[in-house]
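>>> Show me how the following folds:
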Amino acid sequence: MGNIFGTLFRISTWGESHGGGVGVVVDGCPPGLPLSAEEIQVELDRRRPGQSKIVTQRKETDSVIILSGVYQGKSTGTPISMMTSNVDHRPEAYDEMRTKFRPSHADFTYQQKFGFRNPEGGGRSSARETIGRVAAGTIARKLLRLAGEVEIAAFVQRIHDIEMPERNGFPSREEIDANPVRCPDSAAAESMEKRIMEIRKEGDSVGGVIECRVRNLPAGLGAPVFDRLEADLAKAMLSLPATKGFEIGSGFGGTFSKGSEHNDAFENREGRIRTTSNRAGGVLGGISSGEELRFRIAFKPTATILKPQQTVTESGEETELKGKGRHDPCVLPRAVPIVEAMTALVLVDHWMRQHAQCGSLPVE
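As a prediction, the model looks like this:
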């Protein structure tokens with residue numbers, strides 16, 4: 001199984017949803033970086049279950065422990081290993097699923113690939129695996145801030161058919177976290193929260209779109225062929241549970257434009273070469289342009305719902321299955337910090353690769 005991500009800044013996640021714990025090993029962090037469990041915990045608290053009434057009520061503190069790679073509050077340059085324990089186990093909720101395949105879940109494909117599966121919580125396909133990504137992403141994000149004051153902000157742009165208005169300004173963490181939906185538009189967030197609660201009462205689920213923006217990213221990160229910046233971002237985002245689509249800049253909407261309407265014209269703005277628009281989303285030819293990076297990720301409705309669904313058993317017998325346990329009626333609010341973490345992991349890796357190849361990044 002592919003459990004490793006990155007080239008120079010590499011992570012390896014481990015653990016299952018209902019095992020003893022989950023964690024990550026980070027390799028490639030330079031020595032001397034101030035680092036504490038407390039600052040990593042801040043990000044883990046943003047993705048943990050039970051934080052509001054619109055997410056799963058599984059009671060996990062997700063308290064992180066740094067096992068190696070940090071001494072006297074600083075990274076040593078050796079692998080950083082971190083873990084959190086799984087505490088609130090309820091395996092009995094998955095008894096029926098030991099022989100029945102959950103619709104739109106990984107049960108069937110796991111069985112086909114390995115001939116064996118762990119039905120409790122989905123094993124490695126569970127979103128609890130992303131704890132390691134968020135912990136590692138906190139380190140990557142800190143390196144980016146120190147290297148170039150790079151800022152990353154992801155937020156919920158749409159839930160079901162409720163969409164926030166187009167926003168040009170860069171949203172702050174305070175605006176995003178001001179409500180449990182993590183949408184920086186308060187009116188839209190209120191409608192989104194109401195919709196999620198209505199769907200939850202019905203025993204159903206909904207999906208939506210998360211938008212991510214990055215500013216202060218220098219020009220020059222990425223490569224023109226297989227290691228295109230947007231390609232690595234797409235792989236990172238589509239490796240997340242429940243994702244079904246990725247688009248950057250104008251995305252699919254750009255297909256309705258003519259080239260004369262879509263092209264980003266260049267201009268000399270106070271001695272700097274910039275573009276008058278940013279339909280490319282901050283990437284040209286696979287390489288960052290210095291403009292704001294903008295992309296969106298589509299998340300499907302949560303697969304496990306509390307309504308009866310038609311399915312089959314492992315022997316092929318037709319049957320019915322009604323989900324049990326504690327599941328998110330909508331994964332997007334908790335996915336925001338995960339998207340930010342994966343963005344940071346891609347960007348810091350490309351930053352290091354650029355520095356290794358060219359010696360330094362363009363400076364102004």
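>>> Just give me the neighbour total for residue 243.
Using other CB atoms under 10 Å as the criterion, residue 243 is surrounded by 20 other residues. The C-beta positions use only the backbone N, C-alpha and C, and glycine is treated the same way.
>>> hang on, I meant residue 156
The number of residues packed near residue 156 is 28, by other CB under 10 Å.
>>> Moving C-terminal from the helix or strand encompassing it, which element do we reach first?
Using DSSP states H and E, residue 156 maps to strand 151-159. Heading C-terminal from strand 151-159, the first helix or strand you meet, by DSSP H and E, is strand 162-163.
>>> mind listing what that following strand pairs with, with the direction of each?
If you go by DSSP bridges, strand 162-163 pairs up with strand 151-159 (antiparallel).
>>> From the rest of the structure, what touches the strand it pairs with?
Contact with strand 151-159 is made by 141, 144-145, 163-164, 170-173, 176, 181-184, 189, 192, 195-196, 206-216, 296, 330, 332-333, 336-337, 339-340, 343-344, 347, as judged by CB atoms under 8 Å, 6 or more residues apart in numbering.
>>> same thing but 6 Å
Applying CB atoms under 6 Å, 6 or more residues apart in numbering, the set of residues contacting strand 151-159 from outside is 164, 171, 176, 181-184, 192, 195, 208-216, 332, 336, 339-340, 343-344.
>>> One more: stretch 103-115?
Taking contacts as CB under 6 Å, 6+ apart, the residues outside stretch 103-115 that touch it are 101, 117, 125, 303, 309, 311.
>>> can you tell me which of those residues lies nearest to residue 6?
Out of those, the one with the shortest distance to residue 6 is residue 125. That distance is 20.7 Å, counting by CB to CB.
>>> what's the pLDDT at the closest residue in space to the closest one that isn't next to it in sequence?
What sits nearest to residue 125 in space, not counting adjacent residues and going by CB to CB, 6 or more residues apart in numbering, is residue 106, at 4.0 Å. The predicted local confidence for residue 106 comes out at a pLDDT of 87.
>>> Residue 106: neighbour count?
The criterion is other CB under 10 Å. On that basis, residue 106 has 18 neighbouring residues.
>>> Give me the phi and psi angles of it.
For residue 106, the backbone dihedrals are phi -90, psi 0 (criterion: degrees, to the nearest 10).
>>> Distance-wise, check the closest residue to residue 30 other than its chain neighbours relative to residue 69.
Residue nearest to residue 30 in three dimensions, not counting chain neighbours: residue 77, with 6.2 Å by CB to CB, 6+ apart. When CB to CB, to the nearest Å is the yardstick, residue 77 and residue 69 sit 8 Å from each other.
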